[in-house]
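Okay, here's the prediction I keep looking at, along with the sequence it came from:
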Amino acid sequence: MKAFSRLLTSLSLLLFTLGVGACGEADVHAPEGWTDSLAEVKPGWLMNVHALAHDDRYAVGGTLDKGEMYHFDGLVWETVDFGAEVPLLNWVHGDETGALITVGQGGTALHFDGTSWQQMETPTAQNLWGVWGTSMDDVWAVGGDAFPSDELRGVVLRWNGSAWSEVALPESLDAGEVYAWFKVWGSGPSDVYIVGQKGAVLHWDGASLTELDVGAEDDLIAVWGTGPDNVALVGGRNNGIVARWDGADWSLKKMAPLPGFNGVWMRDPQRIHVGGNYGTVAVLDFATLDIVQEVSLDTTDDVHALHGSGDGVITAVGGNLLSNGIGGFTGIAYHRALKDGE
């Protein structure tokens, strides 16, 4: 009971950080160009999606006490049996071989080698919010409990193919104490970005983690890019913020009146896809950070993540983390074909 209470408290504080939308079931009427692939199914919250192809997508989520993974075969989402009882799963990363690693609450980590699943031992009991790697022998996972503690700081882990170990953080940060790191992404093994509370950003140069000042004060929730000179960070609480690195300078823009952003993905170096609260999805121009396209998915639920596949289909997933009433814990998943230049 104590562990569950701590889990609920941590997630509740994260919800405040993300600026969760109003309670209620999602409206399943998708806007033009988007398809609602969960119109008949509500499989719990969806926290992240990894898209290999239109007919080969994985999403993770579940409920507080039961983590779930789902696979989309182009027609329906079906539950993946990974042979373990785990709490809520928050993120999934995969490579071109079909191998997957997913992380979640309470230091949970699971690995799929293409044939079978294995639960991984990690050196933390803190919640893991993000995972990414250059290969399945070099994987980063980040997390934290998202609330002030005299004993705990945000945690950064690294997998070397045989074991997870904790990565040393800078002794002090200009951003102050950071109790949670939310996401990690890199262009290669010596160019890795980690984002977290209070606008904090860490960069791995192949030897150590150093703090970057990108001008953000609100929490940064997600990071993505197409290369070392094309990196985008998003976050915000009541209103979205976006920062980008063009190889020379950081630029930051406050995106009011758009609500807080939770997810980001890029296929094209000139376009940034973002997802946020109240069903918000938008495409931004990388150079100016201006809105090129904005769409509401006609739902009160929040978009937690976006990811596109090589065949040109983008998927947005999410849910309402406070909705556990008559409709149960609800999730959303929409997809559409990308246009040229997106």
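Happy to help now that I have it. Numbering: from 1, shown residues only.

any low-confidence regions in the stretch 201-342 of the chain?
Along the stretch 201-342 of the chain, segments meeting pLDDT under 70 span 321-329.

and if we set it to 50?
Of all residues in the stretch 201-342 of the chain, those with pLDDT under 50 make up the ranges 324-327.

For it, which segments count as strands?
Chain-ordered strands for the stretch 201-342 of the chain, with DSSP state E, counting those that start in this stretch as the definition, fall at 201-204, 209-212, 220-227, 230-236, 240-245, 250-254, 261-265, 271-276, 280-285, 291-296, 302-308, 313-319, 331-337.

do you know how far the residue lying closest to Gly94 once chain neighbours are set aside is from Asp298?
Closest residue to Gly94 apart from its sequence neighbours, by C-beta to C-beta, 6 or more residues apart in numbering: Leu100 at 4.4 Å. The C-beta positions use only the backbone N, C-alpha and C, and glycine is treated the same way. As defined by C-beta to C-beta, to the nearest Å, Leu100 lies at a distance of 31 Å from Asp298.

So for these two, which residue has more residues nearby?
More crowded of Leu100 and Asp298, by other C-beta atoms under 10 Å: Leu100, with 24 against 16.

which stretches of the stretch 1-150 of the chain form strands?
Assignment of strands within the stretch 1-150 of the chain using DSSP E, counting those that start in this stretch yields the ranges 35-36, 45-53, 56-63, 66-72, 77-79, 89-94, 100-104, 109-112, 117-119, 128-135, 138-143.

Buried residues, the fourth one. List them.
For strand 66-72, the neighbour count (16 or more other C-beta atoms under 10 Å) marks Gly67, Glu68, Met69, Tyr70, Phe72 as buried.

Among those residues, which pair sits farthest apart?
Greatest spacing in those, by C-beta to C-beta: Gly67 and Phe72 (17.6 Å).

For the closest residue to Leu173 other than its chain neighbours, give the beta-bridge partners.
Residue nearest to Leu173 in three dimensions, not counting chain neighbours: Glu211, with 5.3 Å by C-beta to C-beta, 6+ apart. When bridges are taken as DSSP bridges, the partners of Glu211 come out as Leu202.

OK, contacts around Glu211?
Applying C-beta atoms under 8 Å, 6 or more residues apart in numbering, we find Glu211 in contact with Pro170, Leu173, Asp174, Ala175, Ala200, Val201, Leu202, His203.

and Pro269, how many neighbours does it have?
Neighbour count of Pro269, defined by other C-beta under 10 Å: 14.

Next: Leu297.
Burial measure for Leu297: 25 neighbouring residues, criterion other C-beta under 10 Å.

mind checking how far it is from Arg336?
The separation that Leu297 has from Arg336, given C-beta to C-beta, amounts to 10 Å.

what touches both of those two?
Trp34.

about what we covered before: now render the contacts of Glu211 as JSON lines, adding distance to Lys183.
Putting these into JSON lines (distance: C-beta to C-beta, whole Å) gives the following:
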{"residue": "Pro170", "distance to Lys183": "18"}
{"residue": "Leu173", "distance to Lys183": "17"}
{"residue": "Asp174", "distance to Lys183": "20"}
{"residue": "Ala175", "distance to Lys183": "16"}
{"residue": "Ala200", "distance to Lys183": "12"}
{"residue": "Val201", "distance to Lys183": "11"}
{"residue": "Leu202", "distance to Lys183": "11"}
{"residue": "His203", "distance to Lys183": "14"}
